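>>> The sequence and its predicted three-dimensional model are supplied below.
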Amino acid sequence: MFLKFKDEVSSVLTKALKDAGFEADDLALDESPHADVSSSVAFRLAPKYKKSPKQICEAIHMHVKILPDSYIDRAEAAGPYINFFSSRAYLNETVLRVMLDRENFGNLNNTGKVILEHTSANPDGPLHIGHIRNSVIGDTLARILKRAGYDVETQYYINDMGRQIAVVVWGLMNFKFDAAKKKDHAIADVYIAANKTLVDEKEHSPEVDAIMKQYEVGDADTNRKFKDAIDTAMEGIEQTLDRMNIHHDKFVWESQFVRTGEVNRMMDRVKKLDNTIFKDGAFMVDLKEAGIEKTLVIQRSDGTSLYTTRDLTYHEWKATQCDRMIDILGADHKLISSQLKAVLRILGLQEPEVVIFEFVSLPEGSMSTRRGVFISADELLDEVKKAAYSEVSKKRPDTDEEFKQKVAEFVSIGAVRYDIVRVSPEKATTFDWAEAVDFEKQGAPFIQYAHARACSIIKNAKDEGITFEEFDAGILLEDQETALIKKLSVFENAIDKAARELKPNLIAIYARELADAFNQFYRYVPVISAEPEFQAARLALVECSRIVLANSLDTLGIVAPESM
RNA sequence: GGGCUCGUGGCUUAGCCUGGAUAGAGCGCCGGGCUUCUAACCCGGAUGUCGAGGGUUCAAAUCCCUCCGGGCCCGCCA
């Protein structure tokens, strides 16, 4: 709705500009607290036409012609700004549109296949609070892009050729695997113990090297051991992701590119490049012309491949199956991903769009699975759930155990996801337990609560025999009502912008603002106890709010509860 | 040492790419509101040299430069 309104403003303003004798390639249209959409184009025109912005604005305003039944109600010249206000028709149609489109309201019609890779944590232990920043950003982005119309496939790239997995395999041969524990945690125990031993007793190091070598050549027995180790860790990782409402469409093993010979073909191609140099038996690419000082080794002197070489192949493979590739990566991958992109560019291959997120650290420093210094996602989820449980118990002492457990679960998942996604990815954060379990702040529970309230009104109205089968949206004239409808109408704009700029936090902000608008409506505008002539229309607005609240929460991967 | 990045009220942060109307919000703090659809709510108030300095511009939190502080990276690891 908003996008169509903005388009109308755009064409009306273009025409007014032309009629007033001005020419501008950028209309400088923007949302504004002073109007529904505002243009500061007069500033840009001022030097060119040697008039004050105010004069220009007035001249443009005089030529603004608004057609009947337009989404634009009126335009105003406010000093140097030209402000546009939406019409009643716009509000009424927004309500009808939501009722019609329901769970699809806000969806856009972009086309194309997107492969989005996220999480891709090494299968050497459980996901920790840094990994799930990747997962939540990636999953939310995938949901946003789906709503924007793209055909999205999510992939988890399993790095099974790295030394750390060989250490896990070696560890499994030498240490006890605690079958009583969740599998990824038991793998971490083995991994941590193995690392410690490898540091203390250097003589075991060649054993790990031998395992890696055997895996590289595809020894059947070693393959089985790797598969067992990785499947075990991944089972636990997937359980955690599943709990957070995150699922991957495909799990791609790094080794497959070695097995098919694609990695060798890739190395041969890169070797032929002018930028590639041969030094001390190894091949490396000089990326100075791409602005990167560091050369990139693509083949070791023993002839084997490296992580980046395989990643190059992985991206080439992905590109054959989609129109866009998006990678969600931690800040430690900044250099390596720009090197990867540079090589792909030189080879004439498609480059991925990379979303980098900064680190989550502990107050005492950075996390490390290898050293056993981390807070697992499972632990975080459990602690937050405990806090949520005590909150429900306090607030809903009348309810049974099953209800409290259920609410505590979806509130805690929502709170964790929301807390991660609300902060823009480029911000480095320090984890704080007190903050993590705090439910006073306006986060996911605030939005979920607004949704539950809407459901409650709808349920009570039904009991009272109030329906919205027939209503006139035109009588929704209270400030809180029009503000709420306008907020509903910009959902598609939030999706559009978030998809365009790959900024999932925009949806977190939108959802909170929508809940805010709904709560204000709730406080000031009665529905069930309203005069009969207002009941149906207001109930319809509650239903619309419920739908868009649910759509926003769904985009954030958070449960929209009927009661809490 | 070099590169990248962040620095906004006591705390957490939006806005920065694409410069424009009094820098928006939450927590905390102060004050008010449950005989009314779930108070995990609502209303009001105090709190900001937008890290510092310079520059560009009619206009800078936003662009450029320098400096300071935090983070990340700089391996024939991943």
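Arrived safely, thanks for sending.
>>> Quick check: which element contains the spatially closest residue to A:M244 that is not a sequence neighbour?
In space, and not counting its chain neighbours, A:M244 is closest to A:I413: 5.8 Å by CB to CB, 6 or more residues apart in numbering. Glycine gets a C-beta too; all of them are placed from N, C-alpha and C. According to DSSP states H and E, A:I413 maps onto helix A:401-421.
>>> Can you name the residues of the stretch 101-250 of chain A sitting close to RNA strand B?
Contact residues (CB under 7 Å from any atom of the strand) of the stretch 101-250 of chain A with RNA strand B: A:122, A:159, A:161-164.
>>> JSON lines for those, including pLDDT, secondary structure and neighbour count?
Converted to JSON lines, these look like this (pLDDT from 0 to 100; DSSP: H, G, I helix; E, B strand; the rest coil; neighbours: other CB atoms under 10 Å):
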{"residue": "A:N122", "pLDDT": "95", "secondary structure": "coil", "neighbour count": "19"}
{"residue": "A:N159", "pLDDT": "95", "secondary structure": "coil", "neighbour count": "19"}
{"residue": "A:M161", "pLDDT": "93", "secondary structure": "coil", "neighbour count": "22"}
{"residue": "A:G162", "pLDDT": "90", "secondary structure": "coil", "neighbour count": "17"}
{"residue": "A:R163", "pLDDT": "92", "secondary structure": "helix", "neighbour count": "12"}
{"residue": "A:Q164", "pLDDT": "93", "secondary structure": "helix", "neighbour count": "19"}
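>>> what comes up buried for stretch A:501-510?
A:502-508, A:510 (16 or more other CB atoms under 10 Å).
>>> residue ranges with poor pLDDT in chain A?
Applying pLDDT under 70 to chain A flags no residue at all.
>>> in it, which spans are strands?
A:29-32, A:35-39, A:72-78, A:81-86, A:113-117, A:151-158, A:250-253, A:276-279, A:282-285, A:296-299, A:324-330, A:353-357, A:360-361, A:429-430 (DSSP state E).
>>> Now distance to A:I466 and mean neighbour count too, for those, in CSV please.
Putting those into CSV (distance: least, CB to CB, whole Å; neighbours: other CB atoms under 10 Å) gives the following:
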stretch, distance to A:I466, mean neighbour count
strand A:29-32, 35, 14
strand A:35-39, 31, 23
strand A:72-78, 30, 17
strand A:81-86, 28, 23
strand A:113-117, 43, 22
strand A:151-158, 40, 20
strand A:250-253, 48, 15
strand A:276-279, 74, 14
strand A:282-285, 70, 20
strand A:296-299, 67, 22
strand A:324-330, 46, 22
strand A:353-357, 46, 18
strand A:360-361, 48, 19
strand A:429-430, 46, 14
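>>> ok, the closest residue to A:I375 other than its chain neighbours - contacts?
Of all residues not flanking A:I375 in the chain, A:I129 sits nearest, at 5.1 Å (CB to CB, 6+ apart). Applying CB atoms under 8 Å, 6 or more residues apart in numbering to A:I129 gives the contacts A:360, A:367, A:374-377, A:380, A:431.
>>> before we move on, back to that, can you add distance to A:T309 and give the strands of chain A back as JSON lines?
Output for the strands of chain A, formatted as JSON lines (distance: least, CB to CB, whole Å):
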{"stretch": "strand A:29-32", "distance to A:T309": "46"}
{"stretch": "strand A:35-39", "distance to A:T309": "50"}
{"stretch": "strand A:72-78", "distance to A:T309": "57"}
{"stretch": "strand A:81-86", "distance to A:T309": "54"}
{"stretch": "strand A:113-117", "distance to A:T309": "17"}
{"stretch": "strand A:151-158", "distance to A:T309": "14"}
{"stretch": "strand A:250-253", "distance to A:T309": "15"}
{"stretch": "strand A:276-279", "distance to A:T309": "12"}
{"stretch": "strand A:282-285", "distance to A:T309": "9"}
{"stretch": "strand A:296-299", "distance to A:T309": "5"}
{"stretch": "strand A:324-330", "distance to A:T309": "16"}
{"stretch": "strand A:353-357", "distance to A:T309": "18"}
{"stretch": "strand A:360-361", "distance to A:T309": "29"}
{"stretch": "strand A:429-430", "distance to A:T309": "33"}
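>>> For the stretch 251-400 of chain A, which residues are neighbours of RNA strand B?
Contacts of the stretch 251-400 of chain A with RNA strand B, taken as CB under 7 Å from any atom of the strand, map to A:254, A:279-282, A:293-294, A:297, A:300-302, A:306-308, A:331-336, A:358-359, A:361, A:365-366, A:388, A:391-392, A:395-396.
>>> With RNA strand B as the reference, measure out to A:A508.
Shown here: A:A508 relative to RNA strand B, a distance of 9 Å by CB to the nearest atom of the strand, to the nearest Å.
>>> Without its sequence neighbours, what residue ends up closest to that residue?
Using CB to CB, 6+ apart, the closest residue to A:A508 is A:R422 (4.2 Å).
>>> Might one say that that neighbour is in contact with A:I507?
No. Counting by CB atoms under 8 Å, A:R422 sits too far from A:I507 to count as a contact (9.6 Å).
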